[in-house]
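Generate a structure from the sequence data that follows.
(one chain, ligands or ions: 1)
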Amino acid sequence: MAVFWDRREKPYVAFLFLTPLVWMVFSLFLGRYFPDPGKALMNLSGIWASVFVIAVLLLTPIAKFTQFRMISRYRRFVGLGAFLYSILHLIVYLVLFAGLSVSWIISDLVEKPYIYAGVLAVMILSALAITSTKKMMKRMGKNWKVVHRLVYLAAVCIVLHLWLQVKSDITVAMWISVFIVPLLAIRITQLSYYKKTFKKGLR
Ligand code: HEM
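Below you'll find the predicted structure:
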C-alpha cells in the first residue's frame, strides 16, 4: 500500500484525471457530439468540473474520519483537475457556445444571471490553483488556509449556477447538489463545533 501511495504514481493519477478530456477531444473529432457539439461539451466539461470540486470537498472528511489520511496529499492534484475542467468549460462557452461573439456574451450576461455565479466559481478556482504551490503556501502563511476555504464558496456558486439555469431536466443539478450540499453541511457543523470548543478553551 505504502509503495502504491508513493509520489511516483502521480503521473498515473494525472493521466487518469486527463482521461475525460482526451475522451471529449476524441469524441468531438469522431463527430459524436454533432449536431450540437457546443451544448454537449458545455454539459460534459461542466459535469467533470463539478465532479472534481466534489472530490476536493470529499477529501477532507475522508482524511479526517477514515484511515485513508494519505489521500489528502492529492488535494492539490484534484483541485487542479477542477480548475482545468472549469477553464475548459469557460473556453467551450466562449468558442463553441458564444462563437466568440461579444454581443452574444453581453446579451447572455444580461439574460442569464447564472453566468455570474459560474464566473465567480471559476475566479475562485483559478485563485486557488495559482496559490496552490508550496512556495505560495509558505509566502501566505496562516492566510493560505483562510483563502483555500473559499472552495466552499465556489461550491455554493456551482449549486446556484446549476439551479438558476435549470429548465425542464433537473437531473444534472440534482445529482451534483446531492453530493455538494451534504458536504457543505458537514463543513458548517464542523466549523461551529470548532468555534464552540475554541470559546470554551478561552473561558
Ligand atoms: C465562466 C464561468 C461559467 C460560464 C460562462 C458557464 C456557462 C454555462 C452555460 C451557458 C451553461 C448552459 C449550457 C446549456 O444551455 O446547455 C452551463 C452549464 C453547466 N455548467 Fe457552467 N459556466 C461557468 C462555470 C461553471 C462552473 C465553475 C461549473 C462547475 C464547476 C459549471 C458547471 C456546469 C454544469 C454541470 C452545466 C450543465 C448543467 C445541466 O446540464 O443541467 N459551470 N454553464
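
State the helix or strand in which the residue most central in space within the chain lies.
Nearest to the mean C-alpha position of the chain, by CA atoms, centre = their mean, lies Val53 at 2.9 Å. Element membership of Val53 [criterion: DSSP states H and E] is helix 37-65.

helices and strands around that helix, which ones?
helix 10-29, helix 75-92, helix 150-165, helix 171-202 (3 or more CB pairs under 8 Å, 6 or more residues apart in numbering; DSSP states H and E). Using the backbone N, CA and C atoms, a C-beta is placed for each residue, glycine as well.

how about 6 Å then?
Secondary-structure packing of helix 37-65 (3 or more CB pairs under 6 Å, 6 or more residues apart in numbering; DSSP states H and E): helix 10-29, helix 75-92, helix 171-202.

ok, and what's touching stretch 142-150?
Ile124, Leu128, Met137 (CB atoms under 6 Å, 6 or more residues apart in numbering).

of those residues, buried ones?
Among those, those classed as buried by neighbour count (16 or more other CB atoms under 10 Å) are Ile124, Leu128.

In helices only, show me the contacts of stretch 142-150.
If you go by DSSP state H, those have Ile124, Leu128, Met137 in helices.

returning to that earlier point: distance from the helix holding Val53 to the middle of the chain?
5 Å (CA atoms, centre = their mean, to the nearest Å).

Can you confirm whether that helix lies near the ligand?
Yes: using CB under 6 Å from any ligand atom, we find that helix 37-65 touches the ligand at Lys39, Met42, Asn43, Gly46, Ile47, Ala49, Ser50, Val53.
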